[in-house]
Structure formats: C-alpha cells, structure tokens
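Here is my input, please return the structure:
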Amino acid sequence: MSLDIVILAAGQGTRMRSALPKVLHPVAAKPMLAHVIDTARQLAPRKIHVVIGHGAELVRERLAADDVDFVLQAEQLGTGHAVAQALPHIEADKVLILYGDVPLTRVETLQGLLAQANEQQLGLLTVNLVDPTGYGRILRDANGVVQAIVEHKDASEAQRAIREGNTGILAVPGKRLGDWLGRLSNSNAQGEYYLTDVIAMAVADGLVVATETAQDEMEVLGANDRIQLAQLERYYQQRAARSLMTQGVTLLDPARFDLRGEVTVGRDVLIDVNVILEGQVVIEDNVQIGPNCVIKNSILRKGAIVKANSHLDGAELGEGADCGPFARLRPGAKLGAKAHVGNFVELKNAVMGEGAKAGHLAYLGDAEIGARTNIGAGTITCNYDGANKHKTVMGEDVFIGSNSSIVAPVTLGAGATTGAGSTVTQDVPDGALAVGRAKQRNIEGWKRPTKK
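The predicted model follows:
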C-alpha cells in the first residue's frame, strides 16, 4: 500500500521565547523537524508533506528537499485544521501523521503502527505515562476497545486519572481522512479543530482503533520549551552512547559524550570524557580519543591517537598517527602513518608524510611535507601574501630549525636543513643548509635602562 506522511510543523512555540521557529530548534545540532523528516524517509513514503506556518519561509529555506512538499497553514486553528491543509496533496492508501517537534520516535515504532492501519482499521500510537498531565487520555470500553480520546482540558476527574496518553501520531486509511476532517467541530475548551476527534468518528463508522504503544515517554516527547529540549538532547545522547557501546566502543563516561552527526566505528575504540563528534566521522579499530576533544567531519585510521583538548575539522589521521594535546587540524589536514603533531600545532590544507613530526608550537598551512621530516618549534609556513595563498613543499628527511619562517611559494629538497631562526625565501637544494638570519652583534659596556 502507498504511504503519504504529513508532518505538522506550523506552531510558533511561544514558550521557547525565541525568534527561531520551534521546529528549527536543534537536538544533537540538527533541527527537530529534520529528525522527523529523516525518520519519515526511512518509511519509504510516496511523499512527505510538511505543514508550516510561523516562520514558514525560514523553515522552507532550511529544509527544502525534492521529496518534501511544504503546505502553508496561514491560521493555526488546531491539528485537524493543519492536516486538512495537506489533504489536497494526499493520494496514498495510507496516511501517517507526525509532529515536527517530536523528533525522537523510533522507526520501528512507526513501522509497528503502520502495520495496524488498513481500510477497516485505524492505527493510534499511545504511551503509558507516570504523569499524564497535559496529554489527551485514551478512553476504552469494558473490553479494552478504544472509543475516543478526550483532551486534558476537557476531561473529567475520572478521565484525568487514566495514564494511557495520546501521542497524536496516527496511521489512517487515506480514503476516509477527507470525510473525517470535514466533520470536525471546534466546540471545545480551546475552540480548535482537534485531530483526535477522528478517533470517535472512526469508531462510529465501524472501524477498529488499533493501538501501538511507544517504548517509553521520551520517544514521543515534544519540546515546548528549553527544558524539554534539554531533556530530548540528553535522551538522544544516552541512546547514541548505548548504541556505540554495543558496537564495541569504550566510553569512559557515557553521560559526558555528545554525538552531533553520524559516526562509523571499528573495534576496541576508546573515547574519554567530554568528546564531541560532529558531522560525518569515521573511527577505525584501536583508536584512542582523549578528553575534551572536538572531532568534525574527520577520519581516524587504525591505531590513531587524539590527545586531550584537540580540535579536528575535515582532517585525516593515518594509521598509528597522533596529534595533541591542544592540536588544531583544520580542513585539508592529513597525517600519514605514524606522523606526529604535538601541542599547539595548527595544520590547514597540509599533508604530512609517513613519520613526519611537528612537535610543538607551529603553523603549517598549504604545505606538502615529506616522510620523516622534522619541524622545529615556532616554525610557520608564510602561505598568505594578503591576497593569495601559496604552497610550501618539503621533501623527505628535511630538518627545519626552531623559529623558522618558510615564505611560500618555496621548495625544500630532500635532506635540506634550515638554521634556527631563519627566514627562508628561496628554494633550498637537496641536502643543503639554509641560514637566513641577521648577523649577531655583541655591544660591550651596554647599560640597561633603569626605571624612573
């Protein structure tokens, strides 16, 4: 059966106290609505319809995609009214209704819900709550058959004691949806058209309301304020940490780890506390990552070591290579096998060959550095002339003395050496020593200034 998915994302989110539309607030550095859309895609729908209202243009701009159809709800008159805006675009046999501020529902849960829906049966996702305050309650008859949903504000005291809550997520037969939406009324405490009234209509029309129960409350929690947003963030990170540990990763403290993207991991990986992984990260076998590191869009090959307080963005560490502590590897930085970058070394668009070393306090930009080359402390490649970037090339086994300035474009041949404190402006032949520094003068009898 074909499937259309409708995602309701028109709300303002006044309790967020933000100019940003509620559904664009991030969980794990990705807008809540983006999480919902990604989940929807995994269900292989014919089309995804996103109902937008507040901040519509910004939502459309941030999340535009070929498989997403944006539908405007000019006035926010309730969930039933919102779904009705998408009705002219719906053609599928089955319709799944999701919410743009409920980002962490599992695909497996929704697959179970969709299995409940057919032409004679409506699927309703419910959740058992410790405190159901604010949730619509599921009303069942003596045989446990669902009869209706009553919103919290319209519920009696007896009904408010019910702990089974409505998540609002429905799977309905497409052919019946238009008729039900057309019969909705706004005669309630809020003066809105409730989508939940469809349940009672389905029962009256002789359909069975089948329920699927969410794994836990957090899976269907929506974020209406910053407190709930933080709860979703922690739940997401706990779930990510558990997933990594089941794949063989050692997290020294799962509560102090953040994943803000996607990571592929090998075996026997060790990650210390306060590590943040962003974007697309690949971590191969036997990698070790020290505390307080940020690793974004990077690849760590087998046995690589990232020491404490290092920041990698668009970098690659070869097998057995190491960097840090306090190293910064910017886009285009690549360390060959067993290469070493030490503390307070920064690389940008620089490739270091196998076994090359920059132990400390250096900047290497737009550089190609040969195998086993040693970069002394305080060395910089002067790659920018104020308008254009230029490249430095160092052959194998080059030795750069401390505090050298290598002014690009320049090439240092294999085995070349620079004297400490040199400014190198010309190519250096293989095996040659380059000394480019001012001549020292010693002034005898010089009197040091005294404080007045």
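
taking the mean pLDDT, what do you get for stretch 288-297?
For stretch 288-297, the mean per-residue pLDDT is 98.

just how off-centre is it within its chain?
What separates the centre of stretch 288-297 from the centre of its chain is 15 Å, taken as Cα atoms, centre = their mean, to the nearest Å.

how long is that stretch from one end to the other?
For stretch 288-297, the first-to-last residue distance is 17 Å (Cα to Cα, to the nearest Å).

Break down the stretch 51-200 of the chain into its strands, ranges please.
With strands called from DSSP state E, counting those that start in this stretch, the stretch 51-200 of the chain shows them at 68-72, 94-99, 121-128, 137-140, 146-150, 164-173.

With mean neighbour count as extra columns, can I get these in a markdown table?
The way it works is simple: take the backbone N, C-alpha and C, and place the C-beta from them, glycine included. Shown next, in a markdown table, are the strands of the stretch 51-200 of the chain (neighbours: other Cβ atoms under 10 Å):
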| stretch | mean neighbour count |
| --- | --- |
| strand 68-72 | 17 |
| strand 94-99 | 24 |
| strand 121-128 | 22 |
| strand 137-140 | 21 |
| strand 146-150 | 21 |
| strand 164-173 | 23 |
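
Can you lay out those strands as a markdown table showing distance to Ala414 and mean pLDDT?
Shown next, in a markdown table, are these (distance: least, Cβ to Cβ, whole Å; pLDDT from 0 to 100):
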| stretch | distance to Ala414 | mean pLDDT |
| --- | --- | --- |
| strand 68-72 | 55 | 97 |
| strand 94-99 | 61 | 98 |
| strand 121-128 | 67 | 95 |
| strand 137-140 | 77 | 94 |
| strand 146-150 | 77 | 90 |
| strand 164-173 | 66 | 95 |
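
Reformat those strands into JSON lines and put distance to Gly413 next to each item.
JSON lines is the format used below for the strands of the stretch 51-200 of the chain (distance: least, Cβ to Cβ, whole Å):
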{"stretch": "strand 68-72", "distance to Gly413": "56"}
{"stretch": "strand 94-99", "distance to Gly413": "63"}
{"stretch": "strand 121-128", "distance to Gly413": "69"}
{"stretch": "strand 137-140", "distance to Gly413": "78"}
{"stretch": "strand 146-150", "distance to Gly413": "79"}
{"stretch": "strand 164-173", "distance to Gly413": "67"}
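
Figure out which of those strands is closest to Ser404.
Across the strands of the stretch 51-200 of the chain, Ser404 has its closest neighbour in strand 68-72 (53.8 Å, Cβ to Cβ).

partners of the closest one, with directions?
strand 47-52 (parallel) (DSSP bridges).

residues of the partner strand that come out buried?
Neighbour counts over strand 47-52 (16 or more other Cβ atoms under 10 Å) mark Lys47, Ile48, His49, Val50, Val51, Ile52 as buried.

and it, what's its mean pLDDT?
For strand 47-52, mean pLDDT rounds to 98.

Next, the angle from it to strand 94-99.
Per axes from the mean of the first three to the mean of the last three Cα atoms, to 10 degrees, the angle that strand 47-52 makes with strand 94-99 is 30 degrees.

Any idea how far strand 47-52 is from the middle of the chain?
With Cα atoms, centre = their mean as the basis, strand 47-52 stands 22 Å off its chain's centre.

same check, this time on stretch 438-452
Centroid separation for stretch 438-452 versus its chain: 58 Å, with Cα atoms, centre = their mean.

Quick one: mean pLDDT for that stretch?
89.

Tabulate the CA atom coordinates of that stretch in PDB.
Listed next in PDB are the C-alpha coordinates belonging to stretch 438-452 (Å, rounded to 0.1, in the frame of the first residue of the first chain):
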ATOM      1  CA  ALA A 438      70.500  38.700  10.700                       C
ATOM      2  CA  LYS A 439      74.200  38.800  11.900                       C
ATOM      3  CA  GLN A 440      74.600  38.900  15.600                       C
ATOM      4  CA  ARG A 441      76.400  41.900  17.300                       C
ATOM      5  CA  ASN A 442      77.500  42.000  20.900                       C
ATOM      6  CA  ILE A 443      77.800  45.500  22.400                       C
ATOM      7  CA  GLU A 444      80.200  45.600  25.300                       C
ATOM      8  CA  GLY A 445      79.600  48.000  28.200                       C
ATOM      9  CA  TRP A 446      75.900  48.500  27.400                       C
ATOM     10  CA  LYS A 447      73.800  49.900  30.200                       C
ATOM     11  CA  ARG A 448      70.400  48.500  30.800                       C
ATOM     12  CA  PRO A 449      67.700  51.200  31.200                       C
ATOM     13  CA  THR A 450      66.600  51.900  34.800                       C
ATOM     14  CA  LYS A 451      63.100  52.700  36.000                       C
ATOM     15  CA  LYS A 452      62.400  56.400  36.600                       C
END
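
Buried by neighbour count: which residues of it qualify?
Residues of stretch 438-452 include none that count as buried (16+ other Cβ under 10 Å).

With distance to Asn118 as added columns, please give the buried residues of strand 47-52 in CSV.
Formatted as CSV, the buried residues of strand 47-52 follow (distance: Cβ to Cβ, whole Å):
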residue, distance to Asn118
Lys47, 20
Ile48, 21
His49, 21
Val50, 25
Val51, 25
Ile52, 30
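
Show me which of those residues is closest to Asp397.
Proximity of the buried residues of strand 47-52 to Asp397 (Cβ to Cβ) peaks at Ile48, which lies at 57.5 Å.

Run through the bridge partners of that closest one.
As for beta bridges, Ile48 partners with Ile5, Val68 under DSSP bridges.

what's the answer for Pro173, then?
With DSSP bridges as the rule, Pro173 is bridged to Lys94.

Pretty sure it sits against Asp93.
Yes - using Cβ atoms under 8 Å, Pro173 is in contact with Asp93, at 7.1 Å.

Need the overlap of contacts for these two.
Listed contacts common to Pro173 and Asp93 are Glu119; contacts here mean Cβ atoms under 8 Å, 6 or more residues apart in numbering.
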